[in-house]
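# Structure for this input, please:
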Amino acid sequence: MTANILRKNTFLSNEPILFALSFIVLFFCSQCSPLYLFNDWGDPNIYFSIGKGMFNGKVIYKDLFDHKGPLIFLIYGLGYLISHTTFWGVYIFESLFLFVNLLFAYKIAKLFLDKDKSLLVSLLYLFFFLCRTKQGGSADELITPCLMVSLYYTLRYCTNRQKSESRLNRHFAIHGVMFGIVFFVKLSICTFWPPLLAIPVLYLLKEHKYKKLLSASLFFVYGFLLVAIPVVAYFVCNSAFNDFKFAYFEFNSLYASASMGLHFDAFANIVARFLLRLISPDFYVYMLLLSMAFLLFSKKYICDILPKVCILLSFVLVYIIVTSGPFDMDYYYITLSVFSIIGFIHIIGLADSKMEKYKWLKPTALTVVLFACIAFKGFFGQKAACLLRTEECSFWQKDFAAIINTAPDAILIDLEHETGVNTIAGIVPAYKYFFHPNIHDDAFPQLKEYHINLVKDGKPDFVITNNKEFPYINENYHIAARHRQYEGEEHFIYLFRRNGL
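Next comes the predicted model:
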């Protein structure tokens, strides 16, 4: 008995393994980690710049503009407090979020399998998830654990309604918190929840348990308000609620309308992208469809038709949101990864029932998955000498930052999408529109007018652009550096310095 107790409390139990694995795998598979010189993806640099500004007296949306939800800037701002000019702090939060994701994938698997098979499910899910994370640090990546947590409590209710109903208030409060987090990071993905919450709601209505339904609903609102009240209070206290409302709701509506206006038909566009990924072939989408098939046609997991239909509807709604944007980017599919869990449970469930006797299986599976993840990312094509720091390596953002930092308290504006120079140079953006969001000038002409007026008046010390004929730029600025970039046809990114500086 003593040996069994010790075995259960060793570091080799599955939860600590998943915790350690989250940090180890992202050390190699996210450019936010200390292994890499820099994460040059625009989105994390936007979040970092605004999060940095948040902790340097700037107010989100009022002083610094983007259309993502405020909580992503808070996460990056906390990362900035750990490291001012690198993403090391973000890597820590990214790893913690991944651990929550894997932990609840493991807990879902344990609803149907033993703990060792459940670990294998979480490992397969880890590789599947990382197939869509790009360079790391996306908003989609950081909200996926919220979806996994809610999916766990939904499946837990479906597999044991009698026991779950005694804890329904608590579970609905958790749903409310998860919904609230996603609501204030990426609003569109909230379509995930209504079909899932409909499962207990419809059962309670059918059984005339109206008081229990009212109580659970109030606890959901309570959970949501735990997130919403501090967020709203932040904007009200900083006289920025209208800025928040415009940036997060009105601008996103404008952005969606402008994006869809580029395409012939929203529905036809979604169908075309779906068919294209089937033909490609895209095994990621294949696995999602296979998982939904196992859910619908197998009675091993859920017997009633109601929860099956509701989970499928949740998948369809999120899929529509993911594929209806202006670009069909792989990392948009990250949030859909949670629906793959039933497929992996089914696959592992077919394995040898005595597999727990194979003592080599756990370390082998961990090793194989870790190396598979690293091989898939391929160190993002970076040189070994740079990663090992055996030679001095530079990159164009660092070169631009070195020039900018020769001027005291330099003010920089980026006329394109965020390039990351603000991060490397340690600059807190001085202007509300410190970069150009991905929206056409025809849809939001104020943005270009704002930039033209800044350049015309010669207010920024430095300007980054790929358009050396930008209005008034040659009158007030000169080229201090350029970087040759190859994206399709060859073009340059220019660093302009104000004349006389």
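# okay, how far is it across stretch 485-493, tip to tip?
Stretch 485-493 has an end-to-end distance of 7 Å (CA to CA, to the nearest Å).
# Just the element for the nearest residue to S337 once chain neighbours are set aside, please.
In this structure, S337 finds its nearest non-sequential neighbour in F129, 4.7 Å apart by CB to CB, 6 or more residues apart in numbering. From N, CA and C alone the C-beta is placed, and that goes for glycine too. Following DSSP states H and E, the helix or strand that holds F129 is helix 115-130.
# Check A481 too.
strand 477-487.
# That strand pairs with which strands?
According to DSSP bridges, strand 477-487 forms sheet pairs with strand 489-498 (antiparallel).
# Can you give me the buried ones in the strand it pairs with?
493-498 (16 or more other CB atoms under 10 Å).
# Tabulate the residues you listed in TSV, adding columns for pLDDT.
Formatted as TSV, those follow (pLDDT from 0 to 100):
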residue	pLDDT
I493	94
Y494	96
L495	97
F496	98
R497	98
R498	97
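# quick one: which of those is nearest to I342?
Distance to I342 across the buried residues of strand 489-498 (CB to CB) is lowest for I493, with 45.2 Å.
# Just give the number of residues close to the residue nearest to that closest one when sequence neighbours are not counted.
Taking CB to CB, 6+ apart, and ignoring the residues beside it in sequence, I493 has H483 as its nearest neighbour in space, at 4.6 Å. H483 sits with 17 neighbouring residues when counted by other CB atoms under 10 Å.
# wait, what's in contact with H483?
Counting by CB atoms under 8 Å, 6 or more residues apart in numbering, H483 touches 396, 399-400, 492-493.
# which of those residues sit farthest apart?
Using CB to CB, the two most remote members of the contacts of H483 are D399 and F492, lying 13.4 Å apart.
# what comes up buried for stretch 268-284?
269-270, 273-274, 277, 284.
# and those as TSV, adding distance to G426, pLDDT and secondary structure?
Listed next are the buried residues of stretch 268-284 as TSV, based on distance: CB to CB, whole Å; pLDDT from 0 to 100; DSSP: H, G, I helix; E, B strand; the rest coil:
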residue	distance to G426	pLDDT	secondary structure
N269	41	80	helix
I270	42	83	helix
R273	40	86	helix
F274	44	89	helix
R277	41	90	helix
Y284	38	95	helix
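# ok, A105 touching L151?
No. Using CB atoms under 8 Å, A105 is not in contact with L151; the gap is 9.0 Å.
# other SSEs contacting the helix or strand harbouring L275?
Assigned by DSSP H and E, L275 belongs to helix 266-279. Other elements packing on helix 266-279 under the criterion 3 or more CB pairs under 8 Å, 6 or more residues apart in numbering; DSSP states H and E are helix 283-297, helix 305-323.
# the inter-axis angle of that helix versus helix 305-323?
Between the axes of helix 266-279 and helix 305-323, defined by axes from the mean of the first three to the mean of the last three CA atoms, to 10 degrees, the angle is 100 degrees.
# So, low pLDDT: which residues of the stretch 1-150 of the chain?
1-12 (pLDDT under 70).
# Please repeat the previous calculation with a cut-off of 50.
Within the stretch 1-150 of the chain, the segments meeting pLDDT under 50 span 1-11.
# And for the stretch 251-400 of the chain?
260-264.
# rewinding a little: shared neighbours of A105 and L151, which are they?
338, 341.
# Of those two, which one has the most company?
A105 (31 against 22).
# From Y433, how far out is the more buried one?
A105 sits 40 Å away from Y433 when distances are taken as CB to CB, to the nearest Å.
# ditto for M178
Counting by CB to CB - M178 and Y433 are separated by 32 Å.
# pLDDT (mean, whole number) over the longest helix along the chain?
The residue-count maximum for a helix in the chain (DSSP state H) belongs to helix 210-237. Helix 210-237 shows a mean pLDDT of 98.
# Now do the buried residues in it.
Neighbour count says helix 210-237 has 212-213, 216-217, 219-220, 223-224, 227-228, 231, 234-235 buried, by 16+ other CB under 10 Å.
# Perfect, I'm done here.
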